[in-house]
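A.B. asks: prediction below, plus the sequence it came from.
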Amino acid sequence: MFQFEKVEHDRGVIMFLFEKVEHDSNVIMFQLEKVKHDCVEIMSQLEKVKHDCVEIMSQFEKVEHDCVEIMSQFEKVEHDRGVIMFQLEKVEHDRGVIMFQLEKVEHDRGAIMSQFEKVEHNSNPIMSQLEKVEHDSNVIMSQFQKVEHDSNLIMFQFRKVAHDYSIILFCFL
């Protein structure tokens, strides 16, 4: 009778452990969903950064094109000035246009540098979040391995209880 009570007690302990494992599994699934949500958020932010980089590269190409155009116009102005002193007033006007374009290019370059710094600033929190997600993932995997170990231990105890129960039944027969 004592062994039967012990088996009942062991069965109660095992049921408690099964409920604990189920609770731990639910907690882990919740954490995995949170990690999945964080990954989706990070991918969205990475797409935004990628879009910003494409925009910056497009503006860089425009600035480079403007610089080539300005240099071409500058060479033309210098040639006209050297060859035709008569067109000095036209050349001075062209120089004013070119200076305006240079200021525009400098302004565009400043705006691009500001956007580049913004992209660099935005990438720092993303890298921090990636490291946090990786850490959370490692913690969850560790907890999952612990739950698996606990489950194996419970199954072993359950088999032991079943074996003990068989012996008790055999003794009663």
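C.D. replies: Right, received. Where do you want to start? Numbering: from 1, shown residues only.
A.B. asks: need the residue closest to the centroid of the chain.
C.D. replies: The centroid of the chain falls nearest to residue 42 when counting by CA atoms, centre = their mean (3.5 Å).
A.B. asks: right, and it touches residue 133 too?
C.D. replies: Yes. Assessed by CB atoms under 8 Å, residue 42 is found in contact with residue 133 at 6.8 Å. For the C-beta atoms, the positions are set from N, CA and C on the backbone; glycine is no exception.
A.B. asks: and residue 165, how many residues sit next to it?
C.D. replies: For residue 165, the count of nearby residues is 16 (other CB atoms under 10 Å).
A.B. asks: packing partners of the worst-scoring helix or strand of the chain on mean pLDDT?
C.D. replies: Here the helix or strand of the chain ranked lowest by mean pLDDT, DSSP states H and E is helix 88-172, holding a mean of 84. Using 3 or more CB pairs under 8 Å, 6 or more residues apart in numbering; DSSP states H and E, the elements in contact with helix 88-172 are helix 2-83.
A.B. asks: show me what contacts the spatially closest residue to the residue nearest to the centre of the chain that is not a sequence neighbour?
C.D. replies: Computed as CB to CB, 6 or more residues apart in numbering, the closest residue to residue 42 that is not its neighbour in sequence is residue 129, at 5.5 Å. Counting by CB atoms under 8 Å, 6 or more residues apart in numbering, residue 129 touches 38, 41-42, 45.
A.B. asks: closest one of the residues you listed to residue 124?
C.D. replies: residue 45 (11.5 Å; CB to CB).
A.B. asks: look up how far residue 50 lies from the nearest residue in space to that closest one that is not next to it in sequence.
C.D. replies: Leaving aside its sequence neighbours, residue 45 sits nearest to residue 126 (CB to CB, 6+ apart; 5.3 Å). Here the criterion is CB to CB, to the nearest Å. By it, residue 126 lies 11 Å from residue 50.
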